[in-house]
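Enquirer: Sequence first, predicted model second:
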Amino acid sequence: MEKAAVQQDGLLIPLIDFSKFLNGSPSQKLETAKAILAGFQTAGFIYLSNIPISPSTVAHAFETSAGFFRLPDSVKESLAWTTPKANRGYSSPGREKVTQLTSAADVSALRSSVPDIKESFEIGREDEPAHPNRWPSEAGSLPHSSEIAGFRQTMTSFFDALSALHTSLMRAIAVGMGLPKTHFDRFVCDRDNTLRLLHYPAVRKDVFKINPGQVRAGAHSDYGSVTFLFQDARGGLQVQSPGGGFVDAAPIEGTCVVNAGDLLARWSNDTIKSTVHRVVEPPRREEDGQNGEDGEVYPARYSIAYFCNPNFKDYIEAIPGTYATEADKKYEGINSGKYLVQRLKATY
Ligand SMILES: O=C(O)CCC(=O)C(=O)O
Ligand SMILES: [Fe+2]
């Protein structure tokens, strides 16, 4: 029986040992697949332990990501995110504004706009000539070369490992639904996924007091099929409970969080949930205020998300078994790529 990773206010997010789906007995495989599907159907979120990506690989990806975000702003800006279709490159929405809060004018500007306090870098699949990734130069002669050594290699191999994990997870969902294990293989083979490095800079604690609406990442649901999310030990991720409040989805070492996105909800005829989540300041800890360890500032938080999608060229209509008759289908079929570009256009 799996454990609960989160259990509060009617939200139960299961913690599932993925190795039992990959390497277990036939009955363990089936039971695990059913638990995964049930987690997506009820919470829209699960935690997976024992994924076939080693903790040292994940740690190395985090170190490499931190090196990227230490690059001079001018270098990062030269790699700026361009278009929803390409969906690759660097974004720094509202960063200066929120971390250098000095004047009353700044405060009121912040009140009215409340930008997310985050910067991100998006990486797509490499074999897409129309939209090349925006890699920083790793030339040894550059002043920042030590920050960025091996960046491209590290991120492309992390992308590859996650795309294999995506295929395995979709197999678990297929088995959970009583479909042939490889049902979704043909929908994920193009690897039209996005690896997003996220950095939430250190921020003064009073920013959150002055503006109660301030968050590190605003409430949203993801767009695609599933998202794999690796978070550091800071905390701050919250998931909406059935009652509408937000519940902490605390980091659990050695796990990754996986959530279903809007396109999978639609694809599943709403049998799977795409649940709203956000990132706020870290939860208050016992030691806060006693030894003044963290002082006036919340330390930086890093996370890495891998957004998975059905192949952009694919036509997405209700998965077999999620409807009894044609009249039960809640949505028209839709092209995956078109749907996702529409959604991205609305955010950027
Ligand atoms: O950083 C996180 O923990 C969550 C990020 C997220 O939800 C997103 O980028 O869609
Ligand atoms: Fe998200």
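Expert: Perfect, I can see it now. Ligands and ions are numbered 1, 2, ... in the order given.

Enquirer: measure Cys308 to Ser78 for me?
Expert: As judged by CB to CB, to the nearest Å, Cys308 and Ser78 stand 28 Å apart. To be clear about C-beta, it is placed using only N, CA and C from the backbone, and glycine gets the same treatment.

Enquirer: just Ile210 next, same as before
Expert: 33 Å.

Enquirer: if we can go back for a sec, Cys308 and Ser78: which has the busier surroundings?
Expert: Taking neighbours as other CB atoms under 10 Å, Cys308 and Ser78 compare with Cys308 leading, 26 against 14.

Enquirer: Isn't that one up against Val226?
Expert: Yes - using CB atoms under 8 Å, Cys308 makes contact with Val226 at a distance of 5.0 Å.

Enquirer: list residues touching both of those two?
Expert: His166, Gly261 (CB atoms under 8 Å, 6 or more residues apart in numbering).

Enquirer: which sections of the chain are below the confidence cut-off?
Expert: Along the chain, the parts satisfying pLDDT under 70 run over 1, 93-113, 285-294, 348.

Enquirer: Enumerate the residues of it near ligand 1.
Expert: Applying CB under 6 Å from any ligand atom, one finds that the chain approaches ligand 1 through Arg196, Leu198, Ala217, Asp222, Leu229, Gln231, Leu237, His277, Val279, Ser303, Ala305.

Enquirer: following the helix or strand hosting the last one, which helix or strand shows up next?
Expert: By that I understand Ala305. Using DSSP states H and E, Ala305 maps to strand 301-307. As assigned by DSSP H and E, the chain's next helix or strand after strand 301-307 is strand 315-316.

Enquirer: Neighbouring strands of that following strand in the sheet, and parallel or not?
Expert: strand 334-335 (antiparallel) (DSSP bridges).

Enquirer: Tell me the gap between the strand it pairs with and the middle of its chain.
Expert: Relative to its parent chain, strand 334-335 has a centroid offset of 23 Å by CA atoms, centre = their mean, to the nearest Å.

Enquirer: Can you spell out which helices and strands pack onto the helix or strand where Leu263 lies?
Expert: Here Leu263, judged by DSSP H and E, is contained in helix 262-267. Helix 262-267 sits against strand 315-316, helix 336-347, with contacts defined as 3 or more CB pairs under 8 Å, 6 or more residues apart in numbering; DSSP states H and E.

Enquirer: can you give me phi and psi for the residue in the stretch 101-250 of the chain positioned nearest to ligand 1?
Expert: In the stretch 101-250 of the chain, no residue comes nearer to ligand 1 than Leu237, which is 4.2 Å away by CB to the nearest ligand atom. Leu237 adopts backbone torsions of phi -70, psi 130, taken as degrees, to the nearest 10.

Enquirer: List the contacts of the nearest residue to it once chain neighbours are set aside.
Expert: Distance criterion CB to CB, 6 or more residues apart in numbering; nearest residue to Leu237, sequence neighbours excluded, is Ala249 at 4.6 Å. Applying CB under 8 Å, 6+ apart to Ala249 gives the contacts Ala5, Val6, Ile13, Phe45, Leu237, Gln238, Val239, Val257, His277.

Enquirer: Out of these, the closest to Cys189 would be?
Expert: Val257 (24.8 Å; CB to CB).

Enquirer: quick one: the closest residue to ligand 1 within the chain and Leu15, what's the gap?
Expert: Residue of the chain nearest ligand 1, by CB to the nearest ligand atom: Ser303 (3.4 Å). Note on Ser303: its distance to Leu15, by CB to CB, is 18 Å.

Enquirer: Can you show me the strands along the stretch 201-348 of the chain?
Expert: Counting by DSSP state E, counting those that start in this stretch, one finds strands in the stretch 201-348 of the chain at the ranges 203-204, 217-220, 226-231, 237-240, 246-248, 255-260, 277-279, 297-298, 301-307, 315-316, 334-335.

Enquirer: buried set for the longest one?
Expert: Put plainly, it is strand 301-307. Arg301, Tyr302, Ser303, Ile304, Ala305, Tyr306, Phe307 (16 or more other CB atoms under 10 Å).

Enquirer: Pull the residues that contact the strand holding Ala305.
Expert: By CB under 8 Å, 6+ apart, the residues outside strand 301-307 that reach it are 58, 61-62, 65-66, 69, 158-159, 162, 166, 193-200, 216, 222-224, 227-232, 234-237, 261, 279, 282.

Enquirer: Which of those residues are buried, as a ChimeraX select command?
Expert: Typed into ChimeraX, the line below selects the buried ones among the contacts of strand 301-307, using 16+ other CB under 10 Å:
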select :58,61,62,65,69,158,159,162,166,193,194,195,196,197,198,199,200,216,222,223,224,227,228,229,230,231,232,234,235,236,237,261,279,282
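
Enquirer: The nearest residue to Phe184 once chain neighbours are set aside: what's it in contact with?
Expert: Nearest residue to Phe184 in three dimensions, chain neighbours excluded: Met170, at 3.9 Å (CB to CB, 6+ apart). Counting by CB under 8 Å, 6+ apart, Met170 touches Phe184, Asp185, Phe187, Val188, Ser225, Val226.
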